[in-house]
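Asker: here's a sequence, model it:
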Amino acid sequence: MTMKIDEEYKTYTAFVTKLAVIKQLLLNQEEPSYILERYTQKHLLSEEQFQGIQSLVNKDKNELIRLLDKSIKDFMAGRHLDKITNPELIKYSYKYQKDNFINKIADYIKQYGLKIPLHFEEDASLFGENTTRITFIETLIALESEGFISIVSIREGTSKPHEIITADAGVWSLTKDENRSGFTVYPVPIATIQLTRKLISLIEPRLSYTPHKLSFKGKVIFIPEGDQDTLCRVILRNKNAMKREWSWDEVLEKSGERNIDTNMWRRVYNAGREINKKVAIETTIKDLLDVRKQTISVNTKYLPFPPNK
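Answerer: As a prediction, this is how the structure comes out:
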């Protein structure tokens, strides 16, 4: 890690630390001194950065609310990245983290519940691809500001045991000689959240089709005249149709096709693949339809109802 990148990481960390401390002070669930100790002892900050964060303790509630609002707006607009060149930090923009969160939160809740450890480990994949990233508290605060979630509490917990994290991740850990098992844990903030109706309406499938309009995940996707529209009219027309696995010739027969021959399977196959591409562009979901050479069906994990009912 070069000095330049290290300084950029410190700048980014100072921004995130400030945002986290303001939110914690407003939640008023712990002593201010404990909040400062939690967030400032784990990151290398300059004296000026540290004093700026420490001064937050003396500000009144209205001033903290104003500072929080400004910091959230800066984060969402990407202004905190104005002087950053590190591509990994730039990649993790608010939009990038928000999109990942919206796409993954439903599956995450089924496995882990509504408590989110805000630290590196596999849970970090909720916000992106890099599981060594550690600064996600700002994303939850911004999601709350947009009305997607509410933050019930942020308490200290413990990360899962994990191996050494390299210096490139901006995190220092025990060496294997110091920690004989080769694994270590960290005290980490754990946020408990609640989902709002705004977010629930996005993560529920709500799959339906009217001529040329496929509605899914809060998006309306245009389907052109021809095989794609024909396919949607057959397999998305009602609940029973969505639950079925259709053979390619059944799709053509149901659409009124006559003189079906064995080479016509490609029409259904290609139409299904093109629909998946259109859905992926609008929602990032690439597998709405399970497209095979002989059969096609709606992927059961996206059905707006249990597949066996």
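
Asker: what about the helices in the stretch 51-200 of the chain?
Answerer: 61-77, 87-91, 94-112, 137-145, 197-203 (DSSP state H, counting those that start in this stretch).

Asker: give the other helices and strands that the third one contacts.
Answerer: Spelled out, that is helix 94-112. Helices and strands touching helix 94-112, by 3 or more CB pairs under 8 Å, 6 or more residues apart in numbering; DSSP states H and E, are helix 137-145, helix 197-203. Heads up, the C-betas are built off the backbone N, CA and C, glycines and all.

Asker: list the contacts of the shortest one.
Answerer: Pointing back at helix 197-203 there. 102, 105-106, 143, 146-149, 195, 217-218 (CB atoms under 8 Å, 6 or more residues apart in numbering).

Asker: and the residues you listed, which are buried?
Answerer: 102, 105-106, 143, 148-149, 195, 217 (16 or more other CB atoms under 10 Å).

Asker: one step back: what's the most buried one of the helices and strands packed on helix 94-112?
Answerer: For the helices and strands packed on helix 94-112, the largest average neighbour count (mean count of other CB atoms under 10 Å) is found in helix 137-145, namely a mean of 22.

Asker: can I get the helices and strands packed on helix 94-112 in CSV with distance to Glu156 and mean pLDDT?
Answerer: Shown next, in CSV, are these (distance: least, CB to CB, whole Å; pLDDT from 0 to 100):
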stretch, distance to Glu156, mean pLDDT
helix 137-145, 13, 93
helix 197-203, 26, 82
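
Asker: which residues touch the most centrally placed residue in the chain?
Answerer: Per CA atoms, centre = their mean, the C-alpha nearest to the average position across the chain is that of Phe101, at 1.6 Å. When contacts are counted by CB under 8 Å, 6+ apart, Phe101 touches 126-127, 139, 143.

Asker: separation between it and Trp246?
Answerer: To Trp246, Phe101 is 34 Å away according to CB to CB, to the nearest Å.

Asker: and Phe183, what pLDDT?
Answerer: In this model, Phe183 is scored at 67, pLDDT.

Asker: next: Glu129.
Answerer: 79.

Asker: one more: Arg79?
Answerer: On the pLDDT scale, Arg79 gets 90.

Asker: which non-adjacent residue is nearest it?
Answerer: Lys73 (8.0 Å; CB to CB, 6 or more residues apart in numbering).

Asker: wait, Asp249 sits on Ile260?
Answerer: Yes. Counting by CB atoms under 8 Å, Asp249 does reach Ile260; the two are 5.6 Å apart.

Asker: quick one: contacts for Met76?
Answerer: Going by CB under 8 Å, 6+ apart, the list of residues near Met76 reads 94, 142, 145-146.

Asker: would you mind giving those residues as JSON lines with distance to Val279 added?
Answerer: Shown next, in JSON lines, are these (distance: CB to CB, whole Å):
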{"residue": "Tyr94", "distance to Val279": "24"}
{"residue": "Ala142", "distance to Val279": "26"}
{"residue": "Ser145", "distance to Val279": "29"}
{"residue": "Glu146", "distance to Val279": "24"}
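
Asker: tell me the domain ranges of the chain?
Answerer: 2-201, 205-302 (the TED database).

Asker: worst average pLDDT in those domains?
Answerer: domain 2-201 (a mean of 79).

Asker: distance between it and the chain's centre?
Answerer: 14 Å (CA atoms, centre = their mean, to the nearest Å).

Asker: show me what contacts Thr192?
Answerer: So Thr192 contacts 114-116, 151-155 (CB under 8 Å, 6+ apart).

Asker: what's the answer for Asp69, then?
Answerer: Ser145.

Asker: and if you look at Ile190?
Answerer: With CB under 8 Å, 6+ apart, Ile190 has these contacts: 115-118, 154-157.

Asker: ok, Trp248 - how many residues close by?
Answerer: Around Trp248 there are 23 other residues, counting by other CB atoms under 10 Å.

Asker: and it, what does it touch?
Answerer: Counted by CB under 8 Å, 6+ apart, Trp248 has contacts 264-265, 267-269, 293-296.

Asker: which among these count as buried?
Answerer: 264-265, 267-269, 295-296.

Asker: wait, is Leu214 part of a strand?
Answerer: Yes. Counting by DSSP: H, G, I helix; E, B strand; the rest coil, Leu214 falls inside a strand.

Asker: for it, give the beta-bridge partners.
Answerer: Beta-bridge partners for Leu214, by DSSP bridges, are Tyr209, Ile221.
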